[in-house]
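1. Generate a structure from the sequence data that follows.
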Amino acid sequence: MSEQDDPAKGRETTVFFSYSRADQAKAKPIIDVLEKAGFSVWWDGLLEGGERFAHITEAALDRARAVVVLWSRTSVNSHWVHDESTRGRDSGRLVPLSLDGSNPPLGFGQFQCLDLSHASFTATDPEMVKLVRAVAALHGEEAAPEIPAPPSSPRITRRAAIIGGGVAATAVAGLAAWRSGLFGPGKSPNGVAVLPFKNLSGEADQTYFSEGLTSEIRSHLSRNALLEVVGQTSSNEFRDFEGSAREIASSLGVAFLLDGNVQKAGDIVKVTTDLSDGRDGSSRWSESFERPLTDIFAVQSEIAQAVASALSAAMEEDGDGDGPAQLGGTDSIAAFDAYLRGKELYESSADETSDRLALAKFDEALAIDPGYAAAAASRSRILVVIANLYSAFEERTQLYDEAVQSAQQATELAPKFADGYSALGFAFASGKLDMKSGRKAFQTSYELGSGDADTVSRYANFQSRVGEYRVASDAIARAAKLDPLNSRVFRSSGDVHFFGRQYELAITQYRRAIALNPDIGNYHSLLGYAQLMLGDLDGAYASFSQEMSSVRQLPGYAIIAHKRGNQAEAASHLAALIEEYGDKSHYQYAQVYAQWGDVAKAVEALETAWNLRDGGLIALYVDPLLDPVRQEPQYAQLASAMGFV
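-> Down below sits the predicted model:
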């Protein structure tokens, strides 16, 4: 066997191409396009003598980052192609193509195929460009073709890792990947995307109002169980997009788009909306509302109800006269304005100043309307962030107590408001480290808000940390469908599979997150830990070297150096971590000691972390880095104290 034939030698295989031998003549030009784009493609034409060597095929399939499958009238009946596509589908690496317009067989219809029935099979053909972008996205930034990058992208900080929510910009490369159909199923017949409403007020500082109104309308629609509403991050990606409605709808996998603009002048607000059909861009419904600003809440509800009616999916009525207050809202325009300004500050994730200003705005909203549940929920969430990141131990415990009280206030004010329970779960789990109480709150949030991507993603994150892998996996898949351009969702998906010990699948999901937003930090260390658990020290080191956050980078370096036998270097990395973070990162110290095999020091660090209520402990029950200490009685006592068992 030559070096070319053996995928374990020579250039690493990154693409596995599955097809029927009867289609080889038409498959070869597609393979050529991928190879000219810089990918190393394995296909069975590389085998000598026409024999299908199962062990060679298996090795190539395992090593590939993308599994490209060419469906045709012949291949849909091929057991080989079925088996290979199943491997690609189950590991999240599938890129399906249709050679002649044939539909995929049973079990693969939920994935959007690139239709090559009219393709020219040249590098400039639109379908070939989509294919190359889809494959590039599965390789992360390493193999992505040249695509213009946005002016700037915020990196995910330790703060973002804590909150697991909010808005994050996505890279153009990630948008291209979704346009290719890579990240999810085809168009949903009851799917709708609410695009960012334009601010026509002539004042840039009023953008927060149009953004907030868009978010509120999206929230109204997401409560309708008959609709699938695309999440905020994915919808916002098309803010300045100049393409057609048909292209946007196809990219997001929805049948309908809701667009509009907002003009605010004094005490009058004018909202113009248009619901378009994603198939041909035609308008299905449009309306203009010019009302006193105090009527803005009624306008939100009218728009949501009219959209649902236009989609022949009437909003469910409970018959109890639910209004804004029952669903977390307010009747006060001043409170609403303060809340929107607080959300803008919170989502900016700038620094401690912006976070504390956000808290002040939520306090202002509640001072104006003490019954404003959404403001109470947001106040609870920002209190946890401030406590975890900026506060000494004494203030931290006080803020955690306040966060629980504020979230409980939200659930009491609006018993059907999903975000109130989600905030309560967050305050219990990430703040008080009370997993038992957090479990109940998150479960209620999911039951009430299964149509909201952030609610579902937070639920999945929690379930993964209490060891409910299957539940978490199903939930995060739903979140990805609701918000397919949100890099945070795929980061969370990676976490779910990492804590479920599915490291290869975790790596695939982390790479998807990086492909969606290559410029952010944090994700690289997560990828590094997954590679570390697979024994790939070189790959893990390369990933950690790209990490921006030292609290995530230095533990990885310390563990790798120790595993390579360089104890002095390992100790140097740990010393640097301790010097920089002091009493704020005992959980990370425990991870390092556990991986070094120093069980006594690892247990001691965990006990100190518990005494200081270190937020990292939320991963205690499932973190594979702590496996060496799981049999220790102190570990069992801690897991019990936190309510994991």
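2. what's stretch 614-625 in contact with?
-> Contact with stretch 614-625 is made by 162, 388, 429-431, 433, 435, 464-467, 498-501, 529, 533, 559, 584-588, 591, 594-595, 606, 608-610, 626, 638-639, 642, 644, as judged by Cβ atoms under 8 Å, 6 or more residues apart in numbering. C-beta: built from backbone N, CA, C; applies to glycine.
3. So what's the model's average confidence on that stretch?
-> For stretch 614-625, mean pLDDT rounds to 95.
4. Can you name every helix or strand that whichever helix in the chain runs longest contacts?
-> As assigned by DSSP state H, the longest helix anywhere in the chain is helix 393-413. Helices and strands touching helix 393-413, by 3 or more Cβ pairs under 8 Å, 6 or more residues apart in numbering; DSSP states H and E, are helix 373-390, helix 418-426.
5. Buried residues, that helix. List them.
-> By 16 or more other Cβ atoms under 10 Å, the buried positions in helix 393-413 come out as 396-397, 399-400, 402-411, 413.
6. hang on, the earlier thing: let me know which of the helices and strands packed on helix 393-413 is tucked in deepest.
-> helix 418-426 (a mean of 30; mean count of other Cβ atoms under 10 Å).
7. Next, the angle from that helix to helix 393-413.
-> If you take axes from the mean of the first three to the mean of the last three Cα atoms, to 10 degrees, helix 418-426 sits at 150 degrees to helix 393-413.
8. I would like the residues contacting helix 418-426, please.
-> Contacts of helix 418-426 (Cβ under 8 Å, 6+ apart): 163, 328, 373-374, 376-378, 380-381, 384, 403-404, 406-408, 410-411, 413-414, 438-442, 444-446, 448-449, 452, 454-455, 458-459, 462.
9. Just give me how far the helix or strand just after that helix sits from the chain centre.
-> Scanning forward in sequence from helix 418-426 by DSSP states H and E, the next helix or strand is helix 435-449. The chain centroid and the centroid of helix 435-449 are separated by 19 Å under Cα atoms, centre = their mean, to the nearest Å.
10. Now mean pLDDT and distance to residue 293 too, for the helices and strands packed on helix 393-413, in JSON lines please.
-> Converted to JSON lines, the helices and strands packed on helix 393-413 look like this (pLDDT from 0 to 100; distance: least, Cβ to Cβ, whole Å):
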{"stretch": "helix 373-390", "mean pLDDT": "92", "distance to residue 293": "18"}
{"stretch": "helix 418-426", "mean pLDDT": "95", "distance to residue 293": "24"}
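11. With distance to residue 270 added, can I get those helices in TSV?
-> Shown next, in TSV, are those (distance: least, Cβ to Cβ, whole Å):
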stretch	distance to residue 270
helix 373-390	24
helix 418-426	28
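12. and of those, who's closest to residue 249?
-> Ranking the helices and strands packed on helix 393-413 by proximity to residue 249 (Cβ to Cβ) places helix 418-426 first, at 26.6 Å.
13. Can you get me a residue count around residue 24?
-> For residue 24, the count of nearby residues is 14 (other Cβ atoms under 10 Å).
14. Find the helix or strand that it is a member of.
-> Using DSSP H and E, residue 24 sits within helix 24-36.
15. What residues of that helix count as buried?
-> 26, 27, 30, 31, 33, 34.
16. wait, doesn't the first one sit right on residue 99?
-> It stands for residue 26. Yes. Applying Cβ atoms under 8 Å, one finds residue 26 in contact with residue 99, separated by 6.1 Å.
17. Look at residue 622 and tell me its secondary structure.
-> On the three-state scheme (DSSP: H, G, I helix; E, B strand; the rest coil), residue 622 is labelled coil.
18. quick one: it from residue 629, how far?
-> As judged by Cβ to Cβ, to the nearest Å, residue 622 and residue 629 stand 13 Å apart.
19. Same question for residue 542.
-> 28 Å.
20. just residue 463 next, same as before
-> Noted for residue 463: a distance of 23 Å to residue 629, by Cβ to Cβ.
21. again with residue 233
-> Distance from residue 233 to residue 629, by Cβ to Cβ: 37 Å.
22. Would you confirm that residue 269 belongs to a strand?
-> Yes. Applying three-state DSSP, one finds residue 269 inside a strand.
23. quick check: longest strand of the protein.
-> Across the chain, the longest stretch assigned as strand under DSSP state E is strand 254-265.
24. So which elements touch that strand?
-> Using 3+ Cβ pairs under 8 Å, 6+ apart, strand 254-265 is in contact with strand 188-194, strand 198-199, helix 207-222, helix 245-252, strand 268-277, helix 296-310.
25. what comes up buried for it?
-> Using 16+ other Cβ under 10 Å as the test for burial, strand 254-265 gives 254, 255, 256, 257, 258, 259, 260, 261, 262, 263, 264.
26. mind listing what the third one touches?
-> Residue 256 makes contact with 191, 192, 193, 249, 275, 276, 277, 278, 284, 307, 311, according to Cβ under 8 Å, 6+ apart.
27. Repeat that for residue 199.
-> 206, 207, 209, 210, 211, 261, 262.
28. what about the closest residue to it other than its chain neighbours, distance to residue 195?
-> Nearest residue to residue 199, sequence neighbours excluded (Cβ to Cβ, 6 or more residues apart in numbering): residue 210, at 4.1 Å. For residue 210, the distance to residue 195 (Cβ to Cβ) stands at 11 Å.
29. Ok, residue 408 next?
-> Separation of residue 408 from residue 195 (Cβ to Cβ): 35 Å.
30. repeat for residue 392
-> From residue 392 across to residue 195, the span is 44 Å (Cβ to Cβ).
31. Taking the buried residues of helix 393-413 together, which two end up most distant?
-> Going by Cβ to Cβ, the pair spanning the buried residues of helix 393-413 furthest: 396 and 413, at 26.0 Å.
32. and the helix or strand where residue 455 lies with helix 418-426, angle?
-> According to DSSP H and E, residue 455 maps onto helix 453-465. Helix 453-465 runs at 30 degrees relative to helix 418-426, counting by the same axes, to 10 degrees.
33. low-scoring stretches of the stretch 101-250 of the chain, by residue?
-> The stretch 101-250 of the chain contains residues with pLDDT under 70 at 107, 109-112, 140-190, 202, 205, 223-227.
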